[in-house]
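Participant: Just to be clear, the model below is a prediction. Sequence and coordinates:
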Amino acid sequence: MKLLLKDILNMAEARFTREGCLTPRLDAELLFCHMLKKDKSWLFLHYGDELDDKICEEYFRLVDIRAGGMPLQYITGSQEFMGLPFRVNEKVLIPRQDTEILVEKALEILKARKETRGGFRILDLCCGSGAIAVSLAYYLKKAKRKAAVLGSDISSDALEVAKENARINGVDRQIRFVEGDLFGPFPKNRKDRGRKQFDMIVCNPPYIPTGVLPTLMREVREHEPLLALDGGEDGLDFYRRILEEAWRYLVEEGVLLLEIGYDQGITVPLLAEEAGAYGPVEIIKDLAGKDRVAVIKRNENADRSNVKR
């Protein structure tokens, strides 16, 4: 007996529901579209179609992989972010909608500022798939604002993904990628300031407390890179390191934007205050009303005398 398209979609949806997938119907449909290289509109016209046995076999093979915990985005190799296509694999975190809040705020700040000579200079630390760096470069270019974006990551595998995403989105000439641990690739001068100075530094660092990692959803803890998730015992290790150094690499009116965990809206501003080099911190909430982004301006009087060493 031949199976209809609507039948196998229903079967996949039921399987994904049993396995605890958050969006079982959507996953069933997107997986089928990926397999046949069709868009979702095609499904609505073909729900009653009888399917070839080989198509059913291949589809159920993919369903088994997804039901086993592999994120849909790693199966399809793609994820949309800021309306742009991104390639993803298990070497990088899957870009999430929450991070779009950071990109939107960064664009808002930059578009309101007078363009610096030669264009804005932007650094994306822990760039991963390049989602933030590529999106900023793309939309600033679209707005006819010049910008030189630098993305850095400790993972060479992640940087290969980021470079591909820059090419896919046509901004590979606006972005350069370097390998290294946070500010490690960027030397300082004799005044203990970065030789490279940036108008803006952005970062979505690892911020999950180590003890919380085993409690994450299976598809996250078993498939996404722990290197990009583990923020240390209290989840704040990377914020401490970034805040200690970032002011040295920012121009006088430079801005640091950090994605934060929903429960870090008080602790991150306190860390910035302790560092002694920043002004008051603005916390931006996400669409769910949770703290999501810290906007931290460099104190124009920051120098070695008032900075915690």
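Facilitator: Thanks, I have it.
Participant: Report pLDDT for the residue nearest in space to the middle of the chain.
Facilitator: Nearest residue to the geometric centre of the chain (CA atoms, centre = their mean): residue 95, 4.3 Å. Looking at residue 95, its pLDDT reads 96.
Participant: can you check residue 39 too?
Facilitator: Residue 39 is given a pLDDT of 87.
Participant: Same question for residue 116.
Facilitator: In this model, residue 116 is scored at 76, pLDDT.
Participant: so where do the helices sit in the stretch 1-150 of the chain?
Facilitator: 5-18, 24-36, 40-46, 53-67, 72-76, 97-111, 131-142 (DSSP state H, counting those that start in this stretch).
Participant: Burial-wise, tell me which of those comes out on top.
Facilitator: When these are scored by mean count of other CB atoms under 10 Å, the highest mean neighbour count falls to helix 131-142 (a mean of 24). C-beta coordinates here come from the backbone N, C-alpha and C atoms, glycine included.
Participant: Determine the set of other helices and strands touching it.
Facilitator: Other helices and strands packing on helix 131-142, by 3 or more CB pairs under 8 Å, 6 or more residues apart in numbering; DSSP states H and E, are strand 84-87, helix 97-111, strand 120-125, strand 147-153, helix 156-168, strand 175-179, strand 198-203.
Participant: Save the ones you listed as TSV, and put in distance to residue 222 too.
Facilitator: Listed next are the helices and strands packed on helix 131-142 as TSV, based on distance: least, CB to CB, whole Å:
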stretch	distance to residue 222
strand 84-87	21
helix 97-111	21
strand 120-125	26
strand 147-153	22
helix 156-168	18
strand 175-179	26
strand 198-203	25
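Participant: To residue 291, which of those lies closest?
Facilitator: Between residue 291 and the helices and strands packed on helix 131-142, the tightest spacing by CB to CB is seen for helix 97-111, at 10.3 Å.
Participant: who touches that closest one?
Facilitator: With contacts defined as CB atoms under 8 Å, 6 or more residues apart in numbering, helix 97-111 is touched by 81-82, 120, 122, 131-132, 135-136, 139-140, 143, 145, 147, 199-200, 202, 204, 255, 257-259, 284, 286-287, 292-293, 295.
Participant: Among these, name the buried ones.
Facilitator: The neighbour count (16 or more other CB atoms under 10 Å) marks 81-82, 120, 122, 131-132, 135-136, 139-140, 147, 199-200, 202, 204, 255, 257-259, 284, 286, 292-293, 295 as buried among those.
Participant: what's the closest residue in space to residue 46 that isn't next to it in sequence in contact with, if anything?
Facilitator: Counting by CB to CB, 6 or more residues apart in numbering, residue 5 is the residue found nearest to residue 46 once chain neighbours are left out, at 5.6 Å. By CB under 8 Å, 6+ apart, residue 5 lies in contact with 32, 43, 46-49, 51.
Participant: Relative to residue 175, which of the residues you listed is nearest.
Facilitator: residue 32 (34.3 Å).
Participant: And that closest one, how far from residue 40?
Facilitator: Applying CB to CB, to the nearest Å, the value for residue 32 to residue 40 is 9 Å.
Participant: Equivalent analysis for residue 261, please.
Facilitator: 33 Å.
Participant: Residue 255 belongs to a strand?
Facilitator: Yes. The assignment for residue 255 is a strand, going by DSSP: H, G, I helix; E, B strand; the rest coil.
Participant: partners of it in the sheet?
Facilitator: residue 200, residue 297 (DSSP bridges).
Participant: got a list of contacts for the helix or strand bottoming out on mean pLDDT in the chain?
Facilitator: Every helix and strand of the chain was ranked by mean pLDDT, DSSP states H and E. The lowest is helix 40-46, at a mean of 86. Applying CB under 8 Å, 6+ apart, the contact partners of helix 40-46 are 5, 9, 29-30, 32-33, 36.
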